[in-house]
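K.L.:
got a structure for you, letters missing:
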């Protein structure tokens, strides 16, 4: 069993980008381009240097991608 098989997306809370990229296999540049294009959810700014993503949004994105809509 590899690391990807043991990861579970939380149902609530927030995820940092490093955590999101464990579930969505793209690089940072592709992730930010996806946000700009509207394919990926926008971050929530907690402070000037801290951005997070809602776990619900990431779970919905994973569902969308797994259904071939991403």
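P.N.:
Noted; the coordinates are in hand. Just so we're clear, the structure is a prediction, and the values are computed from it rather than from any experiment.

K.L.:
pretty sure residue 52 is in a strand, no?
P.N.:
Yes - counting by DSSP: H, G, I helix; E, B strand; the rest coil, residue 52 is located in a strand.

K.L.:
Not counting sequence-adjacent ones, nearest residue to it?
P.N.:
Leaving aside its sequence neighbours, residue 52 sits nearest to residue 14 (C-beta to C-beta, 6 or more residues apart in numbering; 3.8 Å). C-beta coordinates here come from the backbone N, C-alpha and C atoms, glycine included.

K.L.:
what secondary structure does the residue nearest the centre of the chain sit in?
P.N.:
By C-alpha atoms, centre = their mean, the chain has its centre lying nearest to residue 20, at 3.8 Å. In three-state terms, and counting by three-state DSSP, residue 20 is helix.

K.L.:
Now do the contacts for it.
P.N.:
31, 53, 58 (C-beta atoms under 8 Å, 6 or more residues apart in numbering).

K.L.:
Kindly reformat the residues you listed as JSON lines containing distance to residue 68.
P.N.:
Listed next are the contacts of residue 20 as JSON lines, based on distance: C-beta to C-beta, whole Å:
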{"residue": "31", "distance to residue 68": "20"}
{"residue": "53", "distance to residue 68": "22"}
{"residue": "58", "distance to residue 68": "18"}
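
K.L.:
Any quick PyMOL command for the buried ones out of those?
P.N.:
Buried residues among those (16 or more other C-beta atoms under 10 Å), as a PyMOL selection:
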select buried, resi 31+53+58
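
K.L.:
Right, I'll leave it there.
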